[in-house]
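Participant: no letters, just coordinates:
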């Protein structure tokens, strides 16, 4: 089922608020067999709302609206919709009584400004609101069914789950299959080249590439269950090295699972990432089972006095060097008595680069029972991006190390 | 200047990605004298993009597009735009050479699929991309100027700041004044009560309250420069204790500035925040001047053996206690030889809470030349939110301590 979405709110256009509703709704309707094909954002303005309602393509027969149902003066959505669908508001005495009682139960008198929330259309329906006082509205004309909900995320979600998604599911014929494969350590273009020839054989399956600085997500979707499963089976071995998890799984979750499976503990020695890897490890509930802690060795003093990096190493090779990364990883592993030590040192930028050691030059060190390894990267001019990419590289090095351990 | 925004990306409609670009752009164009009046989100589909380009209202003469400029098969924006604006792509040999060299500098061979990023229009212009390889496009027809940018936020922002916002500012006639005052340590309702009576005297100035878990931003805007300045002058003393900076300033920036002014150094001892405070300190360029590093003491072993928290303290009071927080802060200050030590310990959740020590119970410790202090908080059931709120509380405690130091 094709669906149009109209989000109403001046605060969305002027950037005072980020629209998080649209993505939530876009995901949810898919599982109910729908798909949002058209989306307009308009201000709290009669003409703008009417223009959007007029502009819905003829191929679409379901319209969802959010926003502008509250009690304040700029909430004009109901007025516009009653007019547009040629309906009259009637005072709903039983709902007004219910609202009055709700307020009374909290020791308050209901403000007269809430009176408009007790109106219901003579032609059309109201949508129950399990978590607030403004009910939704459902109108029909000879083009589409239109559902209007508040913009408050909790109220919109309650109406979607309680009324609209079941309605979409009851009307839609198809069952949609969807899966996300998250990858890291490979660029979008290289990933594309690896699986392009496979994707081409499955025209009924859609594959979207979603690149981030930390990796590329593949979003695979189809109405054809057999092709959907086949494509995933074909792709999987080709991207095995890079594929670390599905929807909502962070690389820190995947590494955490491997550490538990392999019964290993880990510690971090962070210079250029400043604590970000520890932060990511500890975002995972239960991480205390394998993550013991770390040293943020931002100054050379800390590298030398706490991690035990040799004064000569720092003097001859510098803090940003393979040698320092190796000694940091080894030092933290010994100091914190863990199975694995992982370290980072680099020029995060934007300043501090030299001809020999430019901004973005990063070393990651890995220490384990049996030796040390160092890895060199050249990332970007951006400090925050360098930190993020370095943390991802360090986690991925740990992941690949654990996968090769038997 | 009225502006239309077309965001292109199937992943925005199906909810695989939340559109954070629109709000950022909506805010930024206002300072340049523009306002987004019309916004459509469309899929990576030729017909959908063309329909949106056709649907731009006649009253609008500037169109911004984001998304679909990457190298993969679903990035069709350039193809559609060349066609729509009747332009031909020409191979830009000098840019291809530049791209090839960029890849080579990172030790990689450029994939052939990047070749389309080296095209430029015969009629129209390219927009420089300071942070990525896909350049933007600028076309003109007899209705509007159309600027196309990548959907990757960092690349879009760089093009907006470098090329498009200056263009908007040069073309727009009104001057809009806008200022953000960031606060922390006070709830929205309490902040509102503090300044409500002042705001009421300035009907020509708009004040929006934007609450986050880490504080409330005030967004003040007006076309009336005198009233705009007056209101800010009136509000400032009333919120001085909470107000740490303006737009784009993080609390870690404000604390960093104070540490430099006071000529103090700091170290972190993090348990429940796991490295997040160190990560935030080191997000600031130049932070090595005052941030020496820290200990992520996630396990009790690290608290005891590296930070020197007494075995009896851990046994009698527990790791989550005022006493442990105090010893952690003192320990890291002594170990890293800094002026200030700041520590965190708490039950981040969602599991691990008890009747006596529920999820969200957090202690922050502060150690300085002259003593130690501990602060107790009770935050939320959410792990990530608890970590974030704890890092904010620790930074704010440091800020208030430095403000009282003379």
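Facilitator: That came through fine. This structure is a prediction, so every number in the text was calculated from the model and none was measured. Numbers count the residues shown, from 1 in each chain, chains lettered A, B, ... in the order given.

Participant: SS state for the residue nearest to the spatial centre of chain A?
Facilitator: Centroid-nearest residue in chain A, with C-alpha atoms, centre = their mean: residue A:248, separated by 7.2 Å. For residue A:248, the assignment made with DSSP: H, G, I helix; E, B strand; the rest coil gives coil.

Participant: look up how far residue B:245 lies from it.
Facilitator: Distance from residue A:248 to residue B:245, counting by C-beta to C-beta, to the nearest Å: 33 Å. Every residue, glycine included, has its C-beta placed from N, CA and C.

Participant: and if you look at residue A:246?
Facilitator: Distance, residue A:246 to residue B:245, using C-beta to C-beta: 39 Å.

Participant: so these two - more neighbours on which side?
Facilitator: Counted by other C-beta atoms under 10 Å in any protein chain shown, residue A:246 and residue B:245 do not tie: residue B:245 has more neighbours, with 16 against 12.

Participant: pretty sure the more buried one sits against residue B:182.
Facilitator: Yes. Counting by C-beta atoms under 8 Å, residue B:245 does reach residue B:182; the two are 5.1 Å apart.

Participant: hmm, residue A:359 and residue A:350 touching each other?
Facilitator: Yes. Using C-beta under 8 Å, residue A:350 is in contact with residue A:359, at 6.2 Å.

Participant: intersection of neighbour lists for those two?
Facilitator: Counting by C-beta atoms under 8 Å, 6 or more residues apart in numbering or on different chains, the contacts common to residue A:350 and residue A:359 are residue A:381.

Participant: compare those two (neighbour count), which wins?
Facilitator: residue A:359 (21 against 14).

Participant: contacting residues for the more buried one?
Facilitator: Taking C-beta under 8 Å, 6+ apart as the test, what residue A:359 contacts is A:347-353, A:381, A:386.

Participant: most surrounded residue in those residues?
Facilitator: residue A:348 (31 neighbours).

Participant: that residue: what secondary structure?
Facilitator: On the three-state scheme (three-state DSSP), residue A:348 is labelled coil.

Participant: phi, psi for it please.
Facilitator: phi -70, psi -30 (degrees, to the nearest 10).

Participant: how close does it sit to residue B:168?
Facilitator: From residue A:348 to residue B:168 the distance is 32 Å (C-beta to C-beta).

Participant: report the longest helix in chain A, please.
Facilitator: helix A:383-404 (DSSP state H).

Participant: elements contacting that one?
Facilitator: Counting contacts by 3 or more C-beta pairs under 8 Å, 6 or more residues apart in numbering or on different chains; DSSP states H and E, helix A:383-404 packs against helix A:251-262, helix A:276-281, strand A:340-346, strand A:361-368, strand A:371-378.

Participant: elements contacting the last one?
Facilitator: What it means is strand A:371-378. Packing partners of strand A:371-378 (3+ C-beta pairs under 8 Å, 6+ apart): helix A:322-336, strand A:361-368, helix A:383-404.

Participant: partner strands of that strand, parallel or antiparallel?
Facilitator: Strand A:371-378 sits in its sheet next to strand A:361-368 (antiparallel), going by DSSP bridges.

Participant: and for the strand it pairs with, what are the contacting residues?
Facilitator: Residues contacting strand A:361-368 (C-beta under 8 Å, 6+ apart): A:269, A:272, A:320-322, A:324-330, A:332-333, A:339-347, A:353, A:372-379, A:386, A:389-390, A:393-394, A:397-398, A:401.

Participant: now stretch A:389-406
Facilitator: So stretch A:389-406 is contacted by A:184-185, A:213-215, A:241, A:244, A:251-252, A:254-255, A:258-259, A:262, A:264, A:266, A:268, A:272-273, A:276-277, A:280, A:340, A:342-344, A:346, A:348, A:362, A:364, A:366, A:368, A:375, A:377, A:379-380 (C-beta under 8 Å, 6+ apart).

Participant: please repeat the previous calculation with a cut-off of 7 Å.
Facilitator: Residues external to stretch A:389-406 that are found in contact with it (C-beta atoms under 7 Å, 6 or more residues apart in numbering or on different chains): A:184-185, A:213-215, A:244, A:251-252, A:254-255, A:258-259, A:262, A:266, A:272-273, A:276-277, A:280, A:340, A:342, A:344, A:346, A:362, A:364, A:366, A:368, A:375, A:377, A:379.

Participant: for residue A:193, give me its contacts.
Facilitator: B:111, B:113.

Participant: that's a helix at it, yeah?
Facilitator: Yes. Looking at residue A:193 with three-state DSSP, it is inside a helix.

Participant: which per-residue confidence value corresponds to it?
Facilitator: Reported pLDDT at residue A:193 in the predicted model: 94.

Participant: with adjacent residues omitted, what lies nearest to residue A:379?
Facilitator: Distances taken as C-beta to C-beta, 6 or more residues apart in numbering or on different chains put residue A:360 closest to residue A:379, at 4.3 Å, once the chain neighbours are dropped.

Participant: and the one you found, its phi and psi?
Facilitator: phi 100, psi -10.

Participant: and the pLDDT at it?
Facilitator: Note on residue A:360: pLDDT of 96.
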